[in-house]
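[1] Would you be able to build a 3D model of this:
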Amino acid sequence: MNQQTLILDLDDTLIHCNKYFVESRNRFANVMKKWFKSKSLSKQEILQKQSDIDIKGVEQHGLHSSLYTQSLVATYRYYCEKFGRKMKGAEINQVEKIGQSVFQRKVKPFPYMYEILDTLQAEGHQLSLFTGGDKINQYRKVTQLGLTDYFEERIFIFEYKNTATLQQLLNKINADKKNTWMIGNSLKTDIKPAIELGINAIHIPAEIEWSYNIVDIEIEPSGTYAQLKSLVHLPEYIREQAYYSAINTERDSVKEILSKEWVHLNKEVNA
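    The predicted structure follows:
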């Protein structure tokens with residue numbers, strides 16, 4: 001089989017992630033509604049303000065896990081200042097615990113994640129992990145799930161996950177672009193950078209997507225760009241693509257040989 005280089009995202013591609021943030025944000029909004037019940041604050045209003053603060057922080061400072069908890073505290077502070085309500089240390093502590101609880105949970109893989117990685121590895125593909133966040137939190141997940149068995153030293157963690165950092169990864173693994181695939185749920189941090197760099201991309205949409213990850217793709221792909229409904233379809237899709245790639249490589253090789261022979265024959269005829 002024609003070996004492919006597969007670069008996989010971690011959060012919401014291999015493992016559950018965003019749903020834990022949704023649960024945490026809902027807890028936070030419910031507590032805020034209780035504290036500000038006389039101000040007729042809606043849950044949606046609270047969630048939108050927190051999201052605005054959170055995304056602004058990520059755009060300015062990257063994907064460090066501490067920013068999420070800070071965004072909850074900043075949202076609490078915003079409404080205290082807006083309504084002239086005194087901030088309370090006990091309430092700040094409660095907000096911080098709600099935020100930090102996301103990073104204390106035992107992570108869970110998507111169904112059949114191990115079987116899928118086993119299959120891809122057994123079929124000879126080179127696997128790399130490209131994930132966004134701080135090293136302490138992301139390595140916590142990698143260690144809990146035993147993912148070094150599949151990715152070995154090819155685990156790349158960046159607080160800024162974008163085209164520049166994906167290029168750094170590609171430089172380190174020295175991959176052939178036509179046989180390299182970026183696989184992830186985020187249009188912003190997985191798919192768009194892959195298309196900009198001219199490698200193949202597979203988008204596997206998350207059931208619950210973070211608004212930060214949603215962007216329009218306005219670049220014409222130079223490689224293959226596909227969308228799969230689930231991670232479970234990945235091995236078969238890669239198998240098919242590797243097969244067609246091998247056929248095309250063999251066809252190109254035959255064409256080159258025939259072309260050389262034709263040139264040689266012409267020289268002999270004209271001699």
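[2] Next, N185: phi, psi?
    Per-residue torsions, N185: phi -90, psi -20 (degrees, to the nearest 10).
[3] Tell me where the stretch 51-200 of the chain has strands.
    Secondary structure of the stretch 51-200 of the chain (DSSP state E, counting those that start in this stretch): strands at 126-132, 155-158, 180-184, 200-203.
[4] just those: most buried one?
    Most buried of the strands of the stretch 51-200 of the chain by mean neighbour count (mean count of other C-beta atoms under 10 Å) is strand 180-184; its value is a mean of 26. Any C-beta I mention is one placed from the backbone N, CA and C, and that applies to glycine too.
[5] That one packs against which elements?
    Under the contact definition 3 or more C-beta pairs under 8 Å, 6 or more residues apart in numbering; DSSP states H and E, strand 180-184 sits against strand 5-8, helix 192-196, strand 200-203.
[6] what about 10 Å?
    Secondary-structure packing of strand 180-184 (3 or more C-beta pairs under 10 Å, 6 or more residues apart in numbering; DSSP states H and E): strand 5-8, strand 126-132, helix 163-173, helix 192-196, strand 200-203, strand 225-227, helix 234-270.
[7] Touching, L169 and G132? I think so.
    No: judged on C-beta atoms under 10 Å, L169 makes no contact with G132 at a distance of 12.0 Å.
[8] residues contacting N30?
    By C-beta atoms under 10 Å, 6 or more residues apart in numbering, N30 lies in contact with K43, I46, I98.
[9] Double-check that it belongs to a helix.
    Yes: N30: assigned to a helix according to DSSP: H, G, I helix; E, B strand; the rest coil.
[10] Quickly list what's touching both of L169 and G132.
    Residues touching both L169 and G132 by C-beta under 10 Å, 6+ apart: F156, F158.
[11] what sits up against stretch 39-48?
    Applying C-beta under 10 Å, 6+ apart, the contact partners of stretch 39-48 are 22, 25-26, 28-33, 35-36, 49, 75-76, 78-79, 82-83, 85, 211.
[12] Got a quick ChimeraX command for the buried subset of those residues?
    Here is the ChimeraX command that selects only those of these that count as buried (16 or more other C-beta atoms under 10 Å):
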select :25,28,29,31,32,33,35,36,49,75,76,79
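[13] From the contacts of stretch 39-48, which land in helices?
    The helices, defined by DSSP state H, take in 22, 25-26, 28-33, 35, 49, 75-76, 78-79, 82-83 from the contacts of stretch 39-48.
[14] re earlier: could you dump the strands of the stretch 51-200 of the chain into JSON lines and include mean pLDDT and distance to L63?
    Shown next, in JSON lines, are the strands of the stretch 51-200 of the chain (pLDDT from 0 to 100; distance: least, C-beta to C-beta, whole Å):
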{"stretch": "strand 126-132", "mean pLDDT": "98", "distance to L63": "4"}
{"stretch": "strand 155-158", "mean pLDDT": "98", "distance to L63": "8"}
{"stretch": "strand 180-184", "mean pLDDT": "98", "distance to L63": "14"}
{"stretch": "strand 200-203", "mean pLDDT": "98", "distance to L63": "19"}
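[15] Just the ones of the contacts of N30 in helices?
    K43, I46, I98.
[16] Going through these, which ones are buried?
    I46, I98.
[17] Output the ones in helices among the contacts of N30 in CSV, with distance to H233 and pLDDT appended to each entry.
    Shown next, in CSV, are the ones in helices among the contacts of N30 (distance: C-beta to C-beta, whole Å; pLDDT from 0 to 100):
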residue, distance to H233, pLDDT
K43, 36, 96
I46, 38, 97
I98, 36, 98
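[18] The helices and strands packed on strand 180-184: lowest mean pLDDT?
    Across the helices and strands packed on strand 180-184, helix 234-270 has the smallest mean pLDDT, namely a mean of 68.
[19] I'd like to know how many residues surround the residue nearest to I238 when sequence neighbours are not counted.
    With sequence-adjacent residues excluded and distances taken as C-beta to C-beta, 6 or more residues apart in numbering, I238 is closest to Q4, at 5.8 Å. By other C-beta atoms under 10 Å, the residues close to Q4 number 23.
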